[in-house]
Structure formats: C-alpha cells, structure tokens
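Engineer: give me a model of this one.
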Amino acid sequence: MDGKLLARLGAVVFVAVAITATAIEMTRNEEQPHGQASRPSEDAPTDPLREAQRRCQLLGEAAARDAECLRTWAETRDRFLGITPAPARTSPQHDDGR
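Structural biologist: I've put the predicted structure just below:
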C-alpha cells in the first residue's frame, strides 16, 4: 500500500469517527438528576458573607472603592485561608497625667 493512500484512508476514518461521535452526542437526551434542585431552596439559611459578595459582584468596578466590599473580600480571603481574624484592637487611652 502506498504511503499517501494510507494517510488518506486514516484521515477518512478519523473524520468518519468524529462525525459519528458528534451525531451521537447531539441526539443524546440530557437528563437532570432528580435529587438536585437547580436553585437553592428558600428554606436554606442565607450566609451574610455570601450576600455581601453578591452585592459587591453587582457593583462591578465600583466595588474596588467600596469600604464594605473591601472588608467582605478580606473576610472571604481569611475564611478561605483558614486565618482566624485578630481581635479588634482598641486604641490605648492617652493618660497625660491630669
């Protein structure tokens, strides 16, 4: 068998397999699992951090200047990294001897 003929035959077989696989995939019925809901149920408790993240997402570019979004992102980062937030520091009262 000639090399060119073998290469052409291989290309034809490859294309035939690709077309068959595409046809099978297109005719396949997608079934969604019955046990999972597409949306979270209304009874599920809401996470305030998640709600703040959604709000910041909707703000878009303006969120980079929003103090609440910056705090939300810091809390999200700390939660992801497993860092316990440091207790809030109170400024020491200045005693000037009076």
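Engineer: run through the neighbouring helices and strands of the helix or strand hosting residue 54.
Structural biologist: Using DSSP states H and E, residue 54 sits in helix 48-59. Where contact means 3 or more Cβ pairs under 8 Å, 6 or more residues apart in numbering; DSSP states H and E, helix 48-59 is packed against helix 67-81. (Each C-beta comes from the backbone N, C-alpha and C, glycine too.)
Engineer: give the buried residues for the helix it packs on.
Structural biologist: By 16 or more other Cβ atoms under 10 Å, the buried positions in helix 67-81 come out as 69, 72, 73, 75.
Engineer: cool, and stretch 49-58?
Structural biologist: For stretch 49-58, by 16+ other Cβ under 10 Å, it's 52, 53, 56.
Engineer: what separates the last one from residue 70, distance-wise?
Structural biologist: Distance, residue 56 to residue 70, using Cβ to Cβ, to the nearest Å: 9 Å.
Engineer: one step back: from the buried residues of helix 67-81, which is closest to residue 24?
Structural biologist: Closest approach to residue 24 among the buried residues of helix 67-81 (Cβ to Cβ): residue 73, at 45.1 Å.
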